[in-house]
Every structure is written in structure tokens, then in C-alpha cells.
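[1] sequence? don't have it. structure:
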């Protein structure tokens, strides 16, 4: 089995397939495995029942090991030691906000036994450049490493777990980018016409801490003046300001920012249904709080800047017709640097002053020189034209009677997140509407035409709209785990991947195997989504 891409989906696929006895090769274009959790520096976005249900056993093991890592290696405070649901960052957006390097270490430990046995080989800094088909079956992929050497790999099953579905155009797999037309999907919130380059904002995250009394002001970014005055037509103020938009009401909201405020246990009531409102941005994606550790062990909190203020809307960072992806990435990085410079020099403080020069970029946290994440957080991937495509009508509360999303006969797992779309490169504002706890249909991982390929990340059969809730960490892990186990089922029976789904008896056995492995196939009856 070949896995192209070592993000969360790729890692989960590698664990599942290698544990089942397959020989697995995984490639990753960057130097870090883990994608959203590591190289993109995004703490996990999860649903309110994650501690009890709605995730696979392997995902729960990932979470346990992250907490265990802190317990084994950090001088935790007595309160943190007693906290069964330890949240190192005490972030209000995540129940398990933690440092990227911790996730990297944990992921490496979860893969180590398979690597030591020889069942798993991992090639980093290795990107796909060509796909090889025999008829309509994907049989192999050519890669180039950072030295320029070409590596040809053939496999009986191939998973595309790249962050943006990079293998799909190479393998001539029918796919969609951007937003579909309403006439195609029938979705109430779809665009009147298809816009392939209309994608959710990309964010280059940035890790910082605050050292009062010091001056860590970075060099003024070259494009700072442009970003300082930039304002989208629908935005209530300039992008570099404390006033943004409440994603759910589309009304202006002014966020507080206090890097020296207490890091007391975070209020996560918004997860249960209330709108985020004007909660402090410092604790929003804080990844290590000083109150988590014994007094004096940490000078100040460490937080991730992943805010509306550094959502980049200038253009997509990928696309089959997009010629300036590299330029957009550089611009997105400049926006995040400009946000930091504004925070250090001009941002209004509660005491009436301007700027926090003590804000310090933490490149040691992200594995970079400047504190920027190693890779951009791309919320939206190319998506296969799949045997099953999840549409808004399947999961939106307004479109579904009762309290249940569409139940699929080929369900292979569960997940939940609001239909949360950030402003887009095509000029759309936030779309953040209530959804229902959803299922993952196996058909969403299987392309309609090309055999031998399994979608293993955010490239499954969703739409621009439904990608907004299937893109989060536990669902991407689930997708990858199912992709790995699907390859095992197909190769063990010596049948094409799609035959596992099309044959009722094989599908039933596969679902039984998933359940035995700790994958929750259906939501329990006591789970009810917050209304509104």
C-alpha cells in the first residue's frame, strides 16, 4: 500500500494498514508528519462529546498519548495533575490545545513499531510528480525528493492523503475545486454558478509568547502598509484591527486581547451552542498556559495566531488553473508577519497605549526561524467526484427534520462540527450554520471511475459547503483510518476497492471489522446537537 501525504489522514491510514500486516510506504512533501496538528500548528477542533464517543479508538489513543506526554515530561501543577481531561493550553476553542512538537513526538511514537518491523517506510521531503495508470487503474506514482532524485513506487492500493488532493490531477481523477453551482448540488447555500477558485481562506499560523518589559519587535514587513490599510468590502473595519465579524450573526464584534491575563480554566460554552461572541483572542488558540505548570516553570503563555485578522483571501494556494500559488503563499506569510508587527507596535491596548513589543515569535515551537507554521493551514482541498457526495441537505439542521443527519447504509464512522466556512477567495463572507452529528459514507472515499485510489483526507466526496464540517481533525483521522482498513479489506479478498462497498456481504464484514477496531459507526441516541 502507498500513502501519498503524511498528514493526519495519512498517519491514521499507515497505522491501520501496517497493524493489519500490510507493507506500507508513506511519503510526505514536508519534513514533519501530522499535517494540521504539527506543520500547520492548528490545535484540534473537536465536538463536545469527543471524550465519550464520536471518535475511533485510535484517535482516542492519540489524544491519550498527548496528555500522557505532558504528564511524563512537564512539571504540571497540582490542578493539572488531577485533571482527567487535561487541556495544556486551556484554550476556549479546543479541549486539547497543545504544542505542535508534542503531537509530532506522539505521532512518531505511534508509528515506531511498524517502522522498526519494516512494515512501514516513510519518505519525507518527497512530493508526487507523475501518476501511472494501467487502463483506469492507478498502479504507481513517481516522486521527487529534495535532492532531485526520482523515486518510482508501485502498489496494489494507493491513498491520496495530501493536504490539497495533489494526486488527483496527476492521476486524471475527476475532481472538484472551489464552490459548486446550486444546480449541481441543490444546496440552499451553494453559489448560483460554479467557481473553481472560490476557496475558504488560508491561514499561516504563528506561535508567540509574551515577555513583559522586553522588545521583540520584528523588522517591519515589506507589505505592512498595504495590509495595515486593507479592508474587505463586507468587513466592518480594516483587517488589522480588533473588530471583525461574528461568524454566526455576521454582525461586528470587537475582540479583547490580553496576553498577561489569567489563564484560568477556559469557558467553552460556545461549543454547546452559543455564539463565540467577544472572547479573548489570546486564549482562543493558546497551546500552553502557565497555570498548567507549577509556578515559575513557564514565564508566559504560548498562543497560536490563527484569527480572522490573518485569514488570507487574496487567492487560492493551489488549483489546476491557478498560476500564482507560490505568490499567494508568500503573501499569506507576509499577512501573518504584518499581524505580529501590528500587535507589537500599533494595536490598541486596554490601558490606552499602543502595541505589545514583548510579544515574541516562537520559532522553536513551530520548527521555523520566525515562528510561522511550516505549512499553511489550507481548509479546503480538491475533492473527488465520489460514489457518494455529502451535501448540505444531508447534515444541515434547517434541512433535516428531527435531530439526525442522513444515515448511510455504508456508514464507516461518525463526526460533528458546525458547517463552518471562513470568508472565501471569491468574496463570500462567513457561512456558519448549525449542523447535525453526521456519518461518513464509505462511498465518499471511492472515486467513481479510477480504480486503485482511495481518498484519505479532506479530498473525499463533500462539497464546498459540507467540507466546512468534514475538514476537522478527528474526521480527517477517521477518513485516513477507514482508507487504510479499506485497503486491507480489498487486498485480503483480492478485489478492487469499490467491490468492498458494492457487495453487501463484504460491506457488512468490513463494517463489523471497523466496529471491532473501535470505530463508532452510528451516533448513540443520547447525542443531540445544540440548536441554532
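    Nice, thanks for sending it over. Not measured: the values here are computed from a predicted model.
[2] can you check the pLDDT for the residue lying farthest from the centre of the chain?
    Taking Cα atoms, centre = their mean as the measure, the residue most remote from the mean C-alpha position of the chain is residue 352, 36.9 Å away. Per-residue confidence at residue 352 stands at 95 (pLDDT).
[3] contact partners for it?
    For residue 352, no residue meets the contact criterion (Cβ atoms under 8 Å, 6 or more residues apart in numbering). Using the backbone N, CA and C atoms, a C-beta is placed for each residue, glycine as well.
[4] for it, phi and psi?
    Backbone torsions of residue 352, given as degrees, to the nearest 10, read phi 90, psi -10.
[5] where along the stretch 401-532 of the chain do the strands fall?
    Along the stretch 401-532 of the chain, the stretches classed as strands by DSSP state E, counting those that start in this stretch are 411-415, 419-421, 431-433, 438-441, 453-455.
[6] out of those strands, deepest packed?
    Stretch with highest mean neighbour count among the strands of the stretch 401-532 of the chain: strand 453-455 (a mean of 28; mean count of other Cβ atoms under 10 Å).
[7] what about the strands in the stretch 251-400 of the chain?
    Taking DSSP E, counting those that start in this stretch as the test, the strands found in the stretch 251-400 of the chain are 252-254, 286-288, 302-305, 311-312, 359-361, 377-378, 383-384.
[8] could I get these as CSV with distance to residue 502 and mean neighbour count?
    Output for the strands of the stretch 251-400 of the chain, formatted as CSV (distance: least, Cβ to Cβ, whole Å; neighbours: other Cβ atoms under 10 Å):
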stretch, distance to residue 502, mean neighbour count
strand 252-254, 49, 14
strand 286-288, 44, 26
strand 302-305, 43, 27
strand 311-312, 41, 24
strand 359-361, 52, 24
strand 377-378, 32, 24
strand 383-384, 17, 27
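[9] nearest to residue 452, out of those?
    Closest to residue 452 of these is strand 383-384 (Cβ to Cβ; 13.0 Å).
[10] show me what that closest one is packed up against.
    Under the contact criterion of 3 or more Cβ pairs under 8 Å, 6 or more residues apart in numbering; DSSP states H and E, the helices and strands touching strand 383-384 comprise strand 175-176.
[11] average pLDDT across the strand it packs on?
    The average pLDDT for strand 175-176 rounds to 97.
[12] parallel or antiparallel, list what pairs with it.
    Strand pairing for strand 175-176, using DSSP bridges, gives strand 383-384 (antiparallel).
[13] care to break the protein down by domain?
    Per automatic domain parsing, the domain ranges recorded for the chain read 2-85+100-181+379-516, 203-375.
[14] winner for burial among those domains?
    Each of the domains of the chain was scored by mean neighbour count; the highest is domain 2-85+100-181+379-516, a mean of 21, by mean count of other Cβ under 10 Å.
[15] centre of the chain versus it, how much separation?
    10 Å (Cα atoms, centre = their mean, to the nearest Å).
[16] and it, how far apart are its ends?
    Length of domain 2-85+100-181+379-516, first residue to last, Cα to Cα, to the nearest Å: 24 Å.
[17] and residue 511, how far from residue 302?
    Distance of residue 511 to residue 302, computed by Cβ to Cβ, to the nearest Å: 42 Å.
[18] same question but for residue 190, I mixed them up
    Counting by Cβ to Cβ - residue 190 and residue 302 are separated by 40 Å.
[19] same check on residue 101?
    Distance, residue 101 to residue 302, using Cβ to Cβ: 11 Å.
[20] now for the two: what residues contact both?
    Between them, residue 101 and residue 302 share these contacting residues under Cβ under 8 Å, 6+ apart: residue 365.
[21] for this structure, which spans come out with low pLDDT?
    Counting by pLDDT under 70, the ranges of the chain that qualify are 261-278, 320-323.
[22] try 90 this time
    Judged against pLDDT under 90, the low-scoring parts of the chain cover residues 260-279, 299, 316-327, 401-404, 530-532.
[23] hmm, residue 189 and residue 179 touching each other?
    No: under the criterion of Cβ atoms under 8 Å, residue 179 makes no contact with residue 189, lying 9.6 Å away.
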